[in-house]
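A.B. asks: Below is the sequence, then the predicted model.
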Amino acid sequence: MADEKCLFCEILKGSIPSLKVFENEGCIAVLSIKPVSKGHVIVIPKQHHSFINNLPDDISFHMLGAVKALSTILTQILLCSGINVMHNIGGIAGQKVNHLCFEIIPRYANDKIKIEMLESKTDENELYEQQKLITSAIRDSTMKLLEAIRDGKIQVSDEVKNQALKALESINKDKPVLRKENINSKVDLLKLEDELNKF
Ligand SMILES: [Zn+2]
């Protein structure tokens, strides 16, 4: 799955030298060669994925584990006062390499880093509309997944299928806003969604 022209794939292959500080099953972490602060580390998945929405769950799990472990260690050894964890999706957001990453940037008192985001006043109705839009999309996507399980388009164990049917029933009954707690936690929705995307 490596991309020949990808800087991070080249680092992963060893064609471009890097200073690795951490590795687990899903990712590596290297020191940034253009650090914005002391201890600036980049966490890179071992597989080439451009965006987080396509990142397999197991790799997501390992990447968050790496971010957690490194943030803890960096705080202890560098005595930084805080950390920014940056993840840029898309060029407009500052993504420079077509291979996703998390950047761990230790912060120190009086450092020169400036992250400025101007807040604006938002109309309450507009927020309500946004909430409706997002929750409906999640609900629709979950329904599609559960219906695919019900209709046998996704093969799962009987236990998972029964849980999916129960979840489908409870979603059909009420709940204008889909909440995770309305769904039996044993149904691994994200994992199954990956399966669904294959259709
Ligand atoms: Zn790559």
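C.D. replies: Received, thanks. Residues are numbered from 1 along each chain as shown.

A.B. asks: which strands and helices sit next to the longest helix anywhere in the chain?
C.D. replies: As assigned by DSSP state H, the longest helix anywhere in the chain is helix 124-150. Other helices and strands packing on helix 124-150, by 3 or more C-beta pairs under 8 Å, 6 or more residues apart in numbering; DSSP states H and E, are helix 158-173, helix 189-196. Every residue, glycine included, has its C-beta placed from N, CA and C.

A.B. asks: hey, least reliable of the ones you listed by pLDDT?
C.D. replies: When these are ranked by mean pLDDT, helix 189-196 comes last with a mean of 58.

A.B. asks: Chain neighbours aside, what residue packs nearest to the most centrally placed residue in the chain?
C.D. replies: Among the residues of the chain, the one closest to the centroid is Ile52, at 4.9 Å (C-alpha atoms, centre = their mean). The spatial neighbour of Ile52 that comes closest, neighbours along the chain excluded (C-beta to C-beta, 6 or more residues apart in numbering), is Leu100 at 5.9 Å.

A.B. asks: Next up, the contacts around that neighbour.
C.D. replies: With contact set as C-beta atoms under 8 Å, 6 or more residues apart in numbering, Leu100 has these partners: 45, 49-52, 55, 87, 89.

A.B. asks: Got phi/psi on it?
C.D. replies: When read as degrees, to the nearest 10, the backbone of Leu100 gives phi -60, psi 160.

A.B. asks: now it: how far from Gly90?
C.D. replies: Taking C-beta to C-beta, to the nearest Å as the measure, Leu100 and Gly90 are separated by 11 Å.

A.B. asks: distance of Ala137 from Asp123?
C.D. replies: Noted for Ala137: a distance of 21 Å to Asp123, by C-beta to C-beta.

A.B. asks: Compare these two and say which one has the larger neighbour count.
C.D. replies: For Ala137 and Asp123, the more surrounded residue by other C-beta atoms under 10 Å is Ala137, and the numbers stand at 11 against 8.

A.B. asks: circling back to that earlier point, tell me if I'm right that the residue nearest to the centre of the chain and Ser60 touch.
C.D. replies: Yes - applying C-beta atoms under 8 Å, one finds Ile52 in contact with Ser60, separated by 7.4 Å.

A.B. asks: about what we covered before: let's see if you can find the most crowded of the contacts of Leu100.
C.D. replies: Counting neighbours by other C-beta under 10 Å, the top entry in these is Pro45, with 23 neighbours.

A.B. asks: quick one, what contacts that residue?
C.D. replies: Taking C-beta under 8 Å, 6+ apart as the test, what Pro45 contacts is 26-27, 55, 59, 63, 99-101.
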